[in-house]
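# Pasted the sequence and its predicted model underneath.
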Amino acid sequence: MNLATSGLTKSFGGVCAVDHATVEFQDRKINAVIGPNGSGKTTFFNCVTGMIRPDSGTVSYQGRDVTGKAPHRIAAAGIGRSFQLCRIFPRMTVRENVLAAVRPRGLAGLLRSAHAADDVERARGWLRRVGIDHLEDVEARNLSYGQQKLLELAGVLMADPETIMLDEPAGGVNPALIDRIATLVRELNAEGRTFIVVEHNMELVMSLSDHVVVFDRGRPIAEGPPDVVRADPAVLEAYLGV
Ligand code: ADP
């Protein structure tokens, strides 16, 4: 089994952001995590990827307990992630941004920030793949928001992760680039990568995902294929308060 949590819990002061969440994601599928604002999706992501240490519960990946491990160890285990507010270096070029996602090899590399020629080639390859290789020498701040998301994804792909967690990949992105991101996710999934996507754009969630997990008040309240989840009365209640 791929990625799973059991009884995962995280409170901030009196607010229980993630409340005994037990979730199993489907291996080599596109999984979506949806839920109203404040339902704990980002905190859940942060606990899984080591950005936040959970108060209790466990996270396991490929049969190994990775609970509370540091983000770089989670990444080394094969889980890559993007952020809701894109994390890039605005004054570095597109190419430098993708290269910043890998550690320069050896002491000399660390001192000079030198990158091996094969890293540069791989960076170019991913930039080509996400469709922004023509912007290689442009400073990242000059990209549109959607292009910045593609750049962030190229950086994530440099680590060749088996599992990719995307936090709102379509948020603030124009429709043409949403299509590009969706196509890329489908292609990368067809090549064997597992996706876990937090997304508010319901049309995208319904068309993209194989498996949907719905959060409400820190807990998963429903899961299943998109059309089943969409018709679930508990989900309608969480969203509409009916
Ligand atoms: P979502 O991603 O579904 O919008 P969040 O995980 O961001 O939900 O938030 C869940 C709850 O936890 C909210 O009530 C939010 O205000 C609270 N919360 C999240 N992060 C913090 C924090 N760092 N400090 C205090 N409260 C937080």
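Cool, the structure landed.
# which ones are touching Val198?
Counting by CB atoms under 8 Å, 6 or more residues apart in numbering, Val198 makes contact with Ala32, Val33, Ile34, Lys41, Thr42, Phe45, Gln84, Met165, Leu166, Asp167, Glu168. For glycine as for every other residue, the C-beta is placed from the backbone atoms N, C-alpha and C.
# Narrow these to those in strands?
Ala32, Val33, Ile34, Met165, Leu166, Asp167 (DSSP state E).
# Quick one: buried ones out of these?
Applying 16 or more other CB atoms under 10 Å to the ones in strands among the contacts of Val198, the neighbour count classes Ala32, Val33, Ile34, Met165, Leu166, Asp167 as buried.
# can I get these in a markdown table with distance to the ligand and pLDDT?
Below are those laid out as a markdown table (distance: CB to the nearest ligand atom, whole Å; pLDDT from 0 to 100):
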| residue | distance to the ligand | pLDDT |
| --- | --- | --- |
| Ala32 | 13 | 97 |
| Val33 | 9 | 96 |
| Ile34 | 9 | 95 |
| Met165 | 13 | 95 |
| Leu166 | 13 | 94 |
| Asp167 | 8 | 90 |
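# farthest pair in the residues you listed?
Taking CB to CB as the measure, those span a maximum distance of 14.1 Å, between Ile34 and Met165.
# Which helix or strand lies directly C-terminal to the worst-scoring helix or strand of the chain on mean pLDDT?
None of the helices or strands of the chain scores lower by mean pLDDT, DSSP states H and E than helix 106-112, at a mean of 54. Using DSSP states H and E, the next helix or strand after helix 106-112 towards the C-terminus is helix 117-130.
# which parts of the next helix or strand along the chain from that following helix are buried?
Past helix 117-130, further along toward the C-terminus, the next helix or strand under DSSP H and E is helix 145-157. Within helix 145-157, the residues that count as buried by 16+ other CB under 10 Å are Gly146, Gln147, Gln148, Lys149, Leu150, Leu151, Glu152, Leu153, Ala154, Gly155, Val156, Leu157.
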